[in-house]
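A.B. asks: Need a 3D model of the following:
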Amino acid sequence: QVQLVESGGGLVQAGGSLRLSCAASGRTFSSYRMSWYRQAPGKEREFVAAISWSGGRTSYADSVKGRFTISRDIAKNTVDLQMNSLKPEDSAVYYCAARMYDSSTYWGQGTQVTVSS
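C.D. replies: As a prediction, this is how the structure comes out:
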């Protein structure tokens, strides 16, 4: 089992920045990729960014490239998402996800990000 707790969401004006953090506990040594997803009202959950736990290789959705940065701290078991130049369309509930080597996936409870225009 892996437990994930997101924090750092809130209300920000367009053009502003927020930093989300995901604290992982439990069987974290068995995770090979950590990701952030988001879901806006009436829309499907979509991929935002991912990072491999061991090598730190990153990937991003085209919509956030150049604005968002994902990072991880192995010692602290945290994964952060630095979000800059935020747009109203970035408003959503952001979820942290841990994909394990056995293909199981764990999700956090989500944190709300609202960007006002």
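A.B. asks: So what sits opposite the residue positioned nearest the centre of the chain in the bridge?
C.D. replies: The residue lying closest to the centre of the chain (CA atoms, centre = their mean) is Trp36, at 2.7 Å. When assigned by DSSP bridges, Trp36 has beta-bridge partners Ala49, Cys96.
A.B. asks: what sits against it?
C.D. replies: Trp36 makes contacts with 20, 22, 48-50, 70, 79, 81, 94-97, as judged by CB atoms under 8 Å, 6 or more residues apart in numbering. (Glycine included, C-beta is placed from N, CA and C.)
A.B. asks: repeat that with 6 Å
C.D. replies: 48-49, 81, 94 (CB atoms under 6 Å, 6 or more residues apart in numbering).
A.B. asks: out of these, who's nearest Ser63?
C.D. replies: Val48 (8.3 Å; CB to CB).
A.B. asks: From Met34, how far off is the closest one?
C.D. replies: 12 Å (CB to CB, to the nearest Å).
A.B. asks: What of Ser59?
C.D. replies: With CB to CB as the criterion, Ser59 and Met34 are 11 Å apart.
A.B. asks: Could you check which of the two has the larger neighbour count?
C.D. replies: Using other CB atoms under 10 Å as the criterion, Ser59 and Met34 rank with Met34 on top: 24 against 14.
A.B. asks: Can you check the pLDDT for that one?
C.D. replies: Per-residue pLDDT puts Met34 at 94.
A.B. asks: If you count neighbours, what's buried in the strand or helix carrying it?
C.D. replies: According to DSSP states H and E, Met34 maps onto strand 31-39. Neighbour counts using 16 or more other CB atoms under 10 Å place 31, 33-38 of strand 31-39 among the buried residues.
A.B. asks: Spell out which residues sit in contact with Ala40, please.
C.D. replies: Ala40 touches Ala92, counting by CB under 6 Å, 6+ apart.
A.B. asks: From Val79, how far out is it?
C.D. replies: Taking CB to CB, one finds Ala40 at 21 Å from Val79.
A.B. asks: sec struct for the closest residue to Gly56 other than its chain neighbours, please.
C.D. replies: In this structure, Gly56 finds its nearest non-sequential neighbour in Arg72, 6.7 Å apart by CB to CB, 6 or more residues apart in numbering. Taken by DSSP: H, G, I helix; E, B strand; the rest coil, the conformation at Arg72 corresponds to strand.
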